[in-house]
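Student: got a structure for you, letters missing:
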(Lines give C-alpha, C1' and ligand atoms only; values in the text may rest on other atoms or scores of the structure.)
Protein backbone atom coordinates (compact mmCIF):
# COMPACT_ATOMS: atom_id res chain seq x y z
CA UNK A 1 0.00 0.00 0.00
CA UNK A 2 1.18 3.54 -0.75
CA UNK A 3 1.31 6.19 1.97
CA UNK A 4 2.12 9.88 1.72
CA UNK A 5 5.32 10.95 3.48
CA UNK A 6 5.43 14.56 4.67
CA UNK A 7 8.19 16.55 6.33
CA UNK A 8 6.81 18.65 9.16
CA UNK A 9 7.48 22.38 9.20
CA UNK A 10 8.88 22.76 12.72
CA UNK A 11 8.11 26.50 12.64
CA UNK A 12 4.41 25.85 12.09
CA UNK A 13 2.38 25.67 15.30
CA UNK A 14 -0.45 23.94 13.43
CA UNK A 15 1.82 21.16 12.12
CA UNK A 16 3.54 20.86 15.50
CA UNK A 17 0.13 20.34 17.12
CA UNK A 18 -0.77 17.57 14.66
CA UNK A 19 2.32 15.57 15.64
CA UNK A 20 1.94 16.43 19.33
CA UNK A 21 -1.66 15.20 19.37
CA UNK A 22 -0.78 12.00 17.52
CA UNK A 23 2.06 11.18 19.91
CA UNK A 24 -0.09 11.89 22.95
CA UNK A 25 -2.11 8.76 22.07
CA UNK A 26 1.05 6.77 22.85
CA UNK A 27 1.93 8.72 25.99
CA UNK A 28 4.87 10.27 24.15
CA UNK A 29 6.00 13.88 24.38
CA UNK A 30 6.93 15.76 21.21
CA UNK A 31 9.95 17.99 21.85
CA UNK A 32 13.52 18.82 20.87
CA UNK A 33 13.50 17.68 17.24
CA UNK A 34 15.31 19.11 14.22
CA UNK A 35 13.52 16.94 11.64
CA UNK A 36 10.13 15.23 11.74
CA UNK A 37 8.25 13.15 9.22
CA UNK A 38 4.72 11.79 9.23
CA UNK A 39 3.04 9.10 7.17
CA UNK A 40 -0.52 9.75 6.09
CA UNK A 41 -3.30 7.57 4.79
CA UNK A 42 -6.04 9.69 3.22
CA UNK A 43 -4.78 12.79 5.04
CA UNK A 44 -4.80 11.06 8.44
CA UNK A 45 -1.51 10.71 10.30
CA UNK A 46 -0.79 7.03 10.85
CA UNK A 47 2.88 7.15 11.89
CA UNK A 48 5.67 9.55 12.76
CA UNK A 49 9.37 9.66 13.59
CA UNK A 50 11.72 12.52 14.45
CA UNK A 51 15.40 13.08 14.95
CA UNK A 52 17.63 15.41 16.91
CA UNK A 53 21.17 15.34 15.62
CA UNK A 54 21.96 11.64 15.26
CA UNK A 55 19.22 10.45 17.61
CA UNK A 56 15.92 9.01 16.35
CA UNK A 57 13.01 9.66 18.68
CA UNK A 58 9.24 10.17 18.95
CA UNK A 59 8.59 6.98 17.00
CA UNK A 60 4.96 5.86 16.83
CA UNK A 61 2.71 3.86 14.50
CA UNK A 62 -1.07 3.66 14.66
CA UNK A 63 -2.06 0.20 15.92
CA UNK A 64 -4.26 -0.44 12.88
CA UNK A 65 -1.25 -0.09 10.58
CA UNK A 66 1.36 -2.06 12.49
CA UNK A 67 2.92 -5.02 10.70
CA UNK A 68 2.80 -3.31 7.29
CA UNK A 69 6.45 -2.37 7.02
CA UNK A 70 5.85 1.20 8.15
CA UNK A 71 8.73 1.16 10.63
CA UNK A 72 11.06 0.45 7.71
CA UNK A 73 9.61 3.38 5.73
CA UNK A 74 10.05 5.77 8.68
CA UNK A 75 13.58 4.73 9.54
CA UNK A 76 14.70 4.65 5.90
CA UNK A 77 13.49 8.23 5.39
CA UNK A 78 15.21 9.51 8.55
CA UNK A 79 18.40 7.59 7.69
CA UNK A 80 18.36 9.15 4.22
CA UNK A 81 18.27 12.59 5.86
CA UNK A 82 21.17 11.64 8.15
CA UNK A 83 23.23 10.45 5.18
CA UNK A 84 22.62 13.83 3.52
CA UNK A 85 24.11 15.40 6.67
CA UNK A 86 27.11 13.06 6.56
CA UNK A 87 25.98 11.00 9.56
CA UNK A 88 26.52 7.24 9.22
CA UNK A 89 26.03 6.18 12.83
CA UNK A 90 22.82 6.86 14.69
CA UNK A 91 20.91 6.01 17.83
CA UNK A 92 17.28 5.51 18.68
CA UNK A 93 15.37 6.00 21.91
CA UNK A 94 12.19 3.95 21.94
CA UNK A 95 9.86 2.08 24.23
CA UNK A 96 11.00 -1.47 25.11
CA UNK A 97 8.03 -2.94 23.24
CA UNK A 98 9.43 -1.42 20.01
CA UNK A 99 12.93 -2.84 20.46
CA UNK A 100 12.25 -5.85 18.25
CA UNK A 101 11.20 -3.58 15.35
CA UNK A 102 14.55 -1.80 15.33
CA UNK A 103 16.50 -5.02 15.79
CA UNK A 104 14.80 -6.29 12.62
CA UNK A 105 16.13 -3.19 10.85
CA UNK A 106 19.70 -3.95 11.92
CA UNK A 107 19.96 -1.94 15.13
CA UNK A 108 21.88 -3.29 18.12
CA UNK A 109 20.52 -2.87 21.62
CA UNK A 110 22.90 -0.94 23.89
CA UNK A 111 20.82 -0.80 27.06
CA UNK A 112 17.23 -1.16 28.17
CA UNK A 113 15.41 0.03 31.28
CA UNK A 114 11.83 -0.84 32.15
CA UNK A 115 10.68 2.26 30.23
CA UNK A 116 13.28 3.09 27.56
CA UNK A 117 15.53 1.26 25.09
CA UNK A 118 18.62 2.77 23.48
CA UNK A 119 19.86 1.16 20.26
CA UNK A 120 22.46 2.04 17.64
CA UNK A 121 23.37 1.27 14.05
CA UNK A 122 26.23 2.31 11.80
CA UNK A 123 29.91 2.05 11.02
CA UNK A 124 31.04 1.74 14.66
CA UNK A 125 29.48 0.48 17.87
CA UNK A 126 30.19 0.97 21.55
CA UNK A 127 32.52 -2.04 21.70
CA UNK A 128 34.57 -0.60 18.81
CA UNK A 129 34.82 2.80 20.49
CA UNK A 130 36.09 1.28 23.75
CA UNK A 131 38.64 -0.85 21.90
CA UNK A 132 39.89 2.28 20.12
CA UNK A 133 40.12 4.14 23.45
CA UNK A 134 42.18 1.35 25.00
CA UNK A 135 44.52 1.33 22.02
CA UNK A 136 44.83 5.13 21.81
CA UNK A 137 45.87 5.52 25.45
CA UNK A 138 47.61 2.14 25.82
CA UNK A 139 45.38 1.23 28.78
CA UNK A 140 46.48 -1.94 30.56
CA UNK A 141 43.17 -3.65 31.31
CA UNK A 142 44.83 -6.24 33.55
CA UNK A 143 45.12 -3.44 36.11
CA UNK A 144 42.23 -2.22 38.25
CA UNK A 145 41.07 1.40 37.95
CA UNK A 146 39.27 4.03 39.96
CA UNK A 147 37.43 6.54 37.81
CA UNK A 148 35.90 9.98 37.76
CA UNK A 149 33.60 11.51 35.15
CA UNK A 150 33.86 15.29 34.97
CA UNK A 151 32.77 18.18 32.80
CA UNK A 152 35.16 20.79 34.27
CA UNK A 153 33.48 23.85 32.82
CA UNK A 154 36.03 25.13 33.84
CA UNK A 155 38.57 23.08 35.84
CA UNK A 156 38.52 24.18 39.51
CA UNK A 157 40.39 23.38 42.69
CA UNK A 158 37.31 21.34 43.62
CA UNK A 159 37.93 19.06 40.63
CA UNK A 160 41.63 18.89 41.43
CA UNK A 161 40.85 17.96 45.05
CA UNK A 162 38.58 15.09 43.99
CA UNK A 163 41.08 13.73 41.44
CA UNK A 164 43.94 13.99 43.92
CA UNK A 165 41.94 12.10 46.54
CA UNK A 166 41.28 9.28 44.08
CA UNK A 167 44.97 9.33 43.11
CA UNK A 168 46.08 9.00 46.73
CA UNK A 169 43.69 6.14 47.45
CA UNK A 170 44.22 4.05 44.30
CA UNK A 171 47.06 2.73 42.17
CA UNK A 172 45.47 3.72 38.86
CA UNK A 173 42.93 6.41 38.01
CA UNK A 174 41.10 7.30 34.80
CA UNK A 175 39.38 10.67 34.45
CA UNK A 176 36.70 10.65 31.76
CA UNK A 177 36.25 14.22 30.57
CA UNK A 178 32.82 14.93 29.08
CA UNK A 179 33.44 15.22 25.34
CA UNK A 180 30.13 16.78 24.36
CA UNK A 181 30.75 20.36 23.24
CA UNK A 182 27.80 22.05 24.87
CA UNK A 183 29.71 23.92 27.54
CA UNK A 184 30.99 27.50 27.56
CA UNK A 185 34.52 26.13 27.74
CA UNK A 186 35.01 23.93 24.64
CA UNK A 187 36.17 20.34 25.02
CA UNK A 188 39.70 20.87 23.64
CA UNK A 189 40.35 23.62 26.21
CA UNK A 190 38.82 21.67 29.09
CA UNK A 191 40.88 18.62 28.14
CA UNK A 192 44.14 20.58 28.13
CA UNK A 193 43.29 22.29 31.43
CA UNK A 194 42.64 18.99 33.21
CA UNK A 195 45.56 17.14 31.61
CA UNK A 196 48.00 19.91 32.51
CA UNK A 197 46.36 20.46 35.88
CA UNK A 198 46.99 16.87 37.03
CA UNK A 199 50.24 16.04 35.21
CA UNK A 200 52.07 15.80 38.54
CA UNK A 201 49.78 12.90 39.50
CA UNK A 202 51.62 10.08 37.74
CA UNK A 203 48.90 7.47 38.20
CA UNK A 204 46.13 9.59 36.62
CA UNK A 205 45.13 9.25 32.97
CA UNK A 206 42.77 11.80 31.37
CA UNK A 207 40.68 10.53 28.43
CA UNK A 208 37.62 11.67 26.51
CA UNK A 209 34.29 10.33 27.75
CA UNK A 210 33.14 9.39 24.21
CA UNK A 211 29.51 9.86 23.23
CA UNK A 212 28.45 7.05 25.56
CA UNK A 213 28.94 8.88 28.88
CA UNK A 214 26.98 12.06 29.73
CA UNK A 215 26.21 13.04 26.16
CA UNK A 216 23.19 14.12 24.16
CA UNK A 217 22.86 10.45 23.31
CA UNK A 218 22.81 8.93 26.78
CA UNK A 219 21.85 11.85 29.01
CA UNK A 220 20.36 14.82 27.11
CA UNK A 221 18.76 16.39 30.18
CA UNK A 222 22.21 16.86 31.75
CA UNK A 223 22.83 19.77 29.38
CA UNK A 224 19.27 21.09 29.58
CA UNK A 225 19.37 20.92 33.39
CA UNK A 226 15.71 19.96 33.37
CA UNK A 227 13.96 17.90 36.01
CA UNK A 228 11.16 16.05 34.24
CA UNK A 229 9.78 12.53 33.95
CA UNK A 230 12.57 11.46 31.61
CA UNK A 231 15.41 12.48 33.94
CA UNK A 232 15.35 9.27 35.98
CA UNK A 233 15.37 7.08 32.86
CA UNK A 234 18.26 8.99 31.28
CA UNK A 235 20.34 8.67 34.45
CA UNK A 236 19.59 4.93 34.56
CA UNK A 237 20.65 4.53 30.92
CA UNK A 238 23.91 6.42 31.45
CA UNK A 239 24.78 4.55 34.65
CA UNK A 240 24.00 1.13 33.17
CA UNK A 241 26.11 1.85 30.08
CA UNK A 242 29.01 2.78 32.33
CA UNK A 243 28.64 -0.40 34.38
CA UNK A 244 27.92 -2.85 31.55
CA UNK A 245 30.48 -1.61 29.03
CA UNK A 246 33.08 0.76 30.47
CA UNK A 247 33.61 -0.97 33.79
CA UNK A 248 33.70 -4.44 32.23
CA UNK A 249 36.04 -3.52 29.39
CA UNK A 250 38.40 -1.28 31.40
CA UNK A 251 38.39 -3.21 34.68
CA UNK A 252 36.91 -0.31 36.66
CA UNK A 253 36.34 -1.05 40.34
CA UNK A 254 35.32 2.33 41.79
CA UNK A 255 33.95 5.71 40.80
CA UNK A 256 34.41 8.95 42.69
CA UNK A 257 31.75 11.68 42.69
CA UNK A 258 31.44 14.97 44.51
CA UNK A 259 28.53 15.46 46.88
CA UNK A 260 25.68 17.53 45.44
CA UNK A 261 23.13 19.62 47.32
CA UNK A 262 22.00 22.27 44.84
CA UNK A 263 21.75 20.92 41.26
CA UNK A 264 18.70 18.63 40.96
CA UNK A 265 20.01 16.90 37.82
CA UNK A 266 23.42 16.07 39.33
CA UNK A 267 21.77 14.99 42.58
CA UNK A 268 19.49 12.58 40.67
CA UNK A 269 22.47 11.31 38.70
CA UNK A 270 24.46 10.61 41.87
CA UNK A 271 21.44 8.79 43.30
CA UNK A 272 21.26 6.53 40.23
CA UNK A 273 25.01 5.88 40.34
CA UNK A 274 24.67 4.83 43.98
CA UNK A 275 21.76 2.54 43.14
CA UNK A 276 23.04 0.97 39.90
CA UNK A 277 26.84 0.73 39.90
CA UNK A 278 27.14 -1.63 42.91
CA UNK A 279 25.22 -4.17 40.78
CA UNK A 280 28.31 -4.20 38.55
CA UNK A 281 30.65 -4.55 41.57
CA UNK A 282 31.71 -0.90 41.38
CA UNK A 283 32.20 1.00 44.63
CA UNK A 284 30.76 4.51 44.75
CA UNK A 285 32.85 7.02 46.66
CA UNK A 286 30.87 10.17 47.44
CA UNK A 287 33.27 12.88 48.57
CA UNK A 288 32.32 16.13 50.28
CA UNK A 289 33.19 19.06 48.06
CA UNK A 290 36.22 21.20 48.77
CA UNK A 291 35.23 24.54 50.22
CA UNK A 292 36.54 28.09 50.13
CA UNK A 293 35.29 30.81 52.48
CA UNK A 294 32.54 28.47 53.72
CA UNK A 295 31.19 27.71 50.24
CA UNK A 296 31.50 24.68 48.00
CA UNK A 297 33.91 25.29 45.13
CA UNK A 298 32.04 24.78 41.88
CA UNK A 299 32.44 25.54 38.20
CA UNK A 300 29.03 27.23 38.22
CA UNK A 301 30.28 29.67 40.87
CA UNK A 302 33.36 30.38 38.75
CA UNK A 303 31.13 31.19 35.78
CA UNK A 304 28.97 33.39 38.00
CA UNK A 305 32.00 35.37 39.15
CA UNK A 306 33.15 35.70 35.54
CA UNK A 307 29.74 37.05 34.55
CA UNK A 308 30.21 39.70 37.25
CA UNK A 309 33.72 40.47 35.99
CA UNK A 310 35.22 39.44 39.36
CA UNK A 311 38.23 37.63 37.95
CA UNK A 312 40.44 38.37 40.97
CA UNK A 313 38.00 36.48 43.21
CA UNK A 314 38.43 33.40 41.02
CA UNK A 315 42.15 33.13 41.70
CA UNK A 316 41.53 31.39 45.03
CA UNK A 317 39.29 28.64 43.63
CA UNK A 318 40.93 27.56 40.35
CA UNK A 319 44.35 26.03 39.56
CA UNK A 320 46.95 28.26 37.93
CA UNK A 321 46.38 26.58 34.54
CA UNK A 322 42.75 27.73 34.56
CA UNK A 323 43.55 31.22 35.82
CA UNK A 324 46.25 31.68 33.19
CA UNK A 325 43.79 30.61 30.49
CA UNK A 326 41.20 33.11 31.71
CA UNK A 327 43.76 35.91 31.39
CA UNK A 328 44.71 34.86 27.84
CA UNK A 329 43.14 36.15 24.63
CA UNK A 330 41.18 32.92 24.27
CA UNK A 331 40.02 33.21 27.86
CA UNK A 332 38.92 36.80 27.26
CA UNK A 333 36.60 35.62 24.48
CA UNK A 334 35.00 33.10 26.84
CA UNK A 335 34.68 35.71 29.60
CA UNK A 336 32.95 38.09 27.24
CA UNK A 337 30.57 35.38 26.08
CA UNK A 338 29.69 34.54 29.68
CA UNK A 339 28.97 38.21 30.38
CA UNK A 340 26.76 38.45 27.29
CA UNK A 341 24.76 35.41 28.37
CA UNK A 342 24.25 36.34 31.99
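Tutor: Everything's here; your move. Computed from a predicted model, the values in this text were never measured in an experiment. Residues are numbered from 1 along each chain as shown.
Student: per-residue confidence at the nearest residue to residue 124 once chain neighbours are set aside?
Tutor: Using C-beta to C-beta, 6 or more residues apart in numbering and skipping residues adjacent in sequence, the residue nearest residue 124 is residue 89, 5.9 Å away. Yep, even glycine has a C-beta here, placed from its N, CA and C like the rest. You'll see residue 89 listed with a pLDDT of 97.
Student: residues in contact with residue 89?
Tutor: Neighbour list for residue 89: 54, 120-124 [criterion: C-beta atoms under 8 Å, 6 or more residues apart in numbering].
Student: Mind naming the longest strand for this protein?
Tutor: The single longest strand within the chain, with elements called by DSSP state E, is strand 44-52.
Student: Let me know the next secondary structure element after that strand.
Tutor: strand 55-61 (DSSP states H and E).
Student: Okay, the residue nearest the centre of the chain and residue 188: tell me how far apart.
Tutor: Nearest to the mean C-alpha position of the chain, by C-alpha atoms, centre = their mean, lies residue 215 at 1.6 Å. Look at residue 215 and residue 188: by C-beta to C-beta, to the nearest Å, they are 16 Å apart.
Student: Then residue 135?
Tutor: Taken as C-beta to C-beta, the span from residue 135 to residue 188 is 21 Å.
Student: How about residue 305?
Tutor: Relative to residue 188, and taking C-beta to C-beta, residue 305 is found at 23 Å.
Student: State which helix of the protein is the longest.
Tutor: helix 70-84 (DSSP state H).
Student: helices or strands next to that helix in the packing?
Tutor: strand 35-41, strand 44-52, strand 55-61, helix 99-104 (3 or more C-beta pairs under 8 Å, 6 or more residues apart in numbering; DSSP states H and E).
Student: who touches that helix?
Tutor: 3, 5, 35, 37, 39, 46-51, 54, 56, 59, 61, 88, 90, 98, 101-102, 104-105.
Student: Now which of those residues would you call buried?
Tutor: Buried subset of the contacts of helix 70-84 (neighbour count, 16 or more other C-beta atoms under 10 Å): 3, 35, 37, 39, 46-51, 54, 56, 59, 61, 90, 98, 101-102, 105.
Student: hmm, back to that, over to the residue nearest to the centre of the chain: give its phi and psi.
Tutor: phi -140, psi 170 (degrees, to the nearest 10).
Student: Do I have it right that it meets residue 180?
Tutor: Yes: Residue 215 lies in contact with residue 180 (C-beta atoms under 8 Å); the separation is 4.7 Å.
Student: Tell me the pLDDT of residue 5.
Tutor: 96.
Student: these two touch, right, it and residue 39?
Tutor: Yes: here residue 5 lies in contact with residue 39, judged by C-beta under 8 Å, at a distance of 5.9 Å.
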